[in-house]
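Engineer: using only what follows, build the 3D model:
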Amino acid sequence: MSDAKRLAGYVETWWQAVQDFVAVLEQVPDEQWTTPTDLAGWDVKAVAAHTAHLESRLAGEPEETADIGEPPHVTGLMGLYTEIGVVNRRDTPPSDIVAEIREVTRRRHEHLLADPPTDGRARPEVIFGGVPWTWELLLRNRPLDVWMHEQDVRRAVGLPGGMHSDAAQHTADYLIGSFGFIVAKKASAPVGTTAVLAVEGSPVLGFEVVTTDEGKARGQLLPDVPDEATVRLSMDRETFVVLAGGRRPAAAGAVTIEGDLELGTRIASVMATTP
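Structural biologist: Numbering: from 1, shown residues only. Predicted coordinates for the structure are as follows:
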């Protein structure tokens, strides 16, 4: 697939994710905007404010600044940056935040259609926080971020759904690609370990921990899923995304582990790859 076609696909998936996210926000009752989410320190309004901030910047609005103080839930430079939009919209009515998301994403979508990026390795002229991302990384990450925040809001206010959209598929498959890293690096599985991940709605994949030329362990994707693996983890999509997204532990019995139970439990406990 050409860069242009792949990037255009990311744009379309992001655009649909935005529409779904806004539709969910419009269903949130007034009294539930202060409901805590799975993201430490953030309620529903903070999640919406953060999204408005990033999308406004990507639409060409100037970088924002704010005195965020020293909130205990913030760690790292990116955490400091993402708090800016939350602080700056603390006194903004939720309806205005939703309207902002609608307006800035509409402008950005129109621009991306009128002047679509065609080289995934090139750098966007406008990006948030000065992150050194390429067009490929930026456009691939935006559907994931928006859809994960849609799910944050849905879980907080009790509006389940959205698990079968294009953005849901994109996000699950994207996160599954990090499973080899989880097994080899975060779970420290020994060389020779084979691990299978079966997430409902996505292709079943097998990985093997191998040694690189530099003598380091890494998880290598296998061309075929092994009939017998050291460990196999199976779960539905929602369980996987809350684990991989670092949102919350899996519900009791939500992850089926076959083979090495101790290793499987360890893998499930360190599956988070995105905050």
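Engineer: any chance you could map the strands in the stretch 151-275 of the chain?
Structural biologist: 194-199, 205-211, 217-221, 231-235, 256-259 (DSSP state E, counting those that start in this stretch).
Engineer: tell me the contacts of V86?
Structural biologist: Neighbouring residues of V86 by C-beta atoms under 8 Å, 6 or more residues apart in numbering: W42, A46, A49, H50, H53. (Glycine included, C-beta is placed from N, CA and C.)
Engineer: name the element it belongs to?
Structural biologist: Using DSSP states H and E, V86 sits in helix 76-88.
Engineer: contacts only, for E150.
Structural biologist: For E150, the contact set (C-beta under 8 Å, 6+ apart) comprises A17, D20, F21, V24, G162, A167.
Engineer: near A46, how many other residues are there?
Structural biologist: Look at A46: counted by other C-beta atoms under 10 Å, it has 24 neighbours.
Engineer: in a markdown table, list the contacts of V86 along with distance to T34 and pLDDT.
Structural biologist: Listed next are the contacts of V86 as a markdown table, based on distance: C-beta to C-beta, whole Å; pLDDT from 0 to 100:
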| residue | distance to T34 | pLDDT |
| --- | --- | --- |
| W42 | 11 | 98 |
| A46 | 9 | 98 |
| A49 | 12 | 98 |
| H50 | 15 | 98 |
| H53 | 19 | 98 |
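Engineer: which one of these is nearest to G246?
Structural biologist: For the contacts of V86, the residue nearest G246 by C-beta to C-beta is W42; the value is 13.0 Å.
Engineer: would you map the helices across this protein?
Structural biologist: 3-25, 44-58, 76-88, 94-114, 135-157, 166-176, 179-181, 237-244, 261-269 (DSSP state H).
Engineer: domain map for the chain?
Structural biologist: 3-160, 177-269 (automatic domain parsing).
Engineer: quick one: closest of the ones you listed to T171.
Structural biologist: domain 3-160 (4.6 Å).
Engineer: that older thread, least reliable of the helices of the chain by average pLDDT, please.
Structural biologist: Among those, helix 76-88 carries the lowest mean pLDDT, a mean of 92.
Engineer: buried ones in it?
Structural biologist: Y81, T82, E83, I84, G85, V86, V87, N88 (16 or more other C-beta atoms under 10 Å).
Engineer: repeat that for stretch 160-167.
Structural biologist: Those would be G162, M163, S165, D166, A167, for stretch 160-167 by 16+ other C-beta under 10 Å.
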